[in-house]
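1. Next input, structure requested:
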Amino acid sequence: MRGVLLRGSRVLIEPLVEADVAAFAAYRRSPDVARWQGWDVDYDAADARRLVADQPAGDLPGPGRWLQLAVRSPDRAVLHGDVGVHRLPEQPDTFELGVTLAPEAQGRGLGTEAVRCVLAYLFAGVGSGAGSGAGAHRVVAFCDARNAPVAALLRRAGMRHESRQVEADWFKGEWTTLDGYAVLAREFRHAP
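-> Residues are numbered from 1 along each chain as shown. A predicted model of the protein is given here:
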């Protein structure tokens, strides 16, 4: 999404850049944020800098790659969080989303708005103009079954609860139950 800029009523979504490193690392270090994610509270500016430098160059990630998109205030003054977009290598036109919000941005509907903007972009057809989207067939997301705020966010964004994998993931020293969410292009287009 290098050339793509997504706008909601309260968020602006675009690729993370070097200027985001300090704020990005700061919210990733929060114990309440790191608890549910694949990193720990020791995430630092060097980790953030490597992630930003390794971002895919195109509008969307290639198969098996992730692209982290900044979720900003419309004036670009505040980094609220990020939405990760992963193109699944084993299925065509299928993407996975992840969302991370700074503690001060949580509970305000910003994450729901950001995820809806990214879903709309992913489901938009290819070839209909700049920023037209991926023409995705299906988008999935997964979260720890104990992470009720993210589960609610995914449902508000239009995704349906599709699966529960009981104690299926060894994560941070314990067996974790994962809930899977999904939405198809046709479902998203016809959602209220």
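2. Outside of the helix or strand containing D82 itself, list whatever touches it.
-> Assigned by DSSP states H and E, D82 falls within strand 79-87. Residues outside strand 79-87 that contact it (CB atoms under 8 Å, 6 or more residues apart in numbering) are 1, 11, 13, 16, 20, 23-24, 27, 60-73, 94-102, 105, 110-111, 114-115, 118, 122. Quick note: C-beta positions are derived from backbone N, CA and C, even for glycine.
3. which of those count as buried?
-> When the contacts of strand 79-87 are checked for burial by 16 or more other CB atoms under 10 Å, the buried set is 1, 11, 13, 16, 20, 23-24, 27, 60-61, 67-72, 94-102, 105, 110-111, 114-115, 118, 122.
4. Could you check the lowest-mean-pLDDT helix or strand in the chain and say which residues are buried?
-> Every helix and strand of the chain was ranked by mean pLDDT, DSSP states H and E. The lowest is helix 31-34, at a mean of 90. Using 16+ other CB under 10 Å as the test for burial, helix 31-34 gives 33-34.
5. just checking, what packs against it?
-> Using 3 or more CB pairs under 8 Å, 6 or more residues apart in numbering; DSSP states H and E, no helix or strand is in contact with helix 31-34.
6. I'd like to know which elements the very next helix or strand once past it is packed against.
-> The first helix or strand that comes after helix 31-34 along the chain, using DSSP H and E, is helix 45-53. Judged by 3+ CB pairs under 8 Å, 6+ apart, the packing partners of helix 45-53 are helix 21-28.
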